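Student: when you get a sec, could you give me coordinates for this:
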Amino acid sequence: MSGTSAKAPWHLWLVAVIAILFNAIGVFDFVMYRLKGRAYLAGAGMTPDQIVYYQGMPAWVTIVWAVGVFAALLASILLLLRNRHAFPVFALSLAAFLINLLHSYVLTDGGAIMGRQMAITNGIIAGLLLLFSWYARAMAARHVLR
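Tutor: Numbering: from 1, shown residues only. This next block holds a predicted model:
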């Protein structure tokens, strides 16, 4: 089936639009944090300790966070465009997210500082990134992505 692609199923458009909307929230969150800092975090309901934790993150963690959220949005757009690079870009985003989790839950006490609600949120994000990655890989294997 080289050089040809299968017709896109209806659910491709649904998954891609949901992925774009979900991952746009991550980009928005990152940009607002970078632009407004403490004020944005306080407005989002974070405690003073949580704000100190975020503002004390090393630069490499912030860079990995940026890679993760922007790659997730790009991968979502690539999925909508039926581009075969959607899967590797989703995989990059997932890897960046997992590195940030490693920093928060293993290398620092971020997990304790951020609390149960953030742990639940992180679980949802990880689950959705896994789902989007799996879906993009499945669509590439079915030659829906080109």
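Student: mind listing what's buried in the longest helix along the chain?
Tutor: Scanning the chain for the longest helix, with DSSP state H as the assignment, gives helix 110-141. Buried positions in helix 110-141, judged by neighbour count with 16 or more other Cβ atoms under 10 Å: 110, 113-114, 122, 125, 128-129, 132-133, 135-137, 139-140. Quick note: C-beta positions are derived from backbone N, CA and C, even for glycine.
Student: ok, stretch 72-86 next?
Tutor: For stretch 72-86, the buried set under the neighbour-count rule, 16+ other Cβ under 10 Å, comprises 72-80, 82-83, 86.
Student: so which of these is the closest to residue 98?
Tutor: residue 72 (12.6 Å; Cβ to Cβ).
Student: ok, that closest one touching residue 86?
Tutor: No - with contact defined as Cβ atoms under 8 Å, residue 72 does not count as touching residue 86 (10.7 Å).
Student: before we move on, back to that, so which of the buried residues of stretch 72-86 are in helices?
Tutor: When the buried residues of stretch 72-86 are checked against helices (DSSP H), the matches are 72-80, 86.
Student: which one of those sits closest to residue 101?
Tutor: When these are ranked by distance to residue 101 (Cβ to Cβ), residue 72 comes first, at 14.4 Å.
Student: what distance do you get for the closest one to residue 92?
Tutor: Distance of residue 72 to residue 92, computed by Cβ to Cβ, to the nearest Å: 9 Å.
Student: just for the protein, where's the confidence low?
Tutor: Low-confidence regions of the chain, defined here as pLDDT under 70, cover residues 1-4.
Student: coming back round to it: need the max-distance pair from the ones in helices among the buried residues of stretch 72-86.
Tutor: Farthest pair in those (Cβ to Cβ) is 72 and 80. Separation: 13.1 Å.
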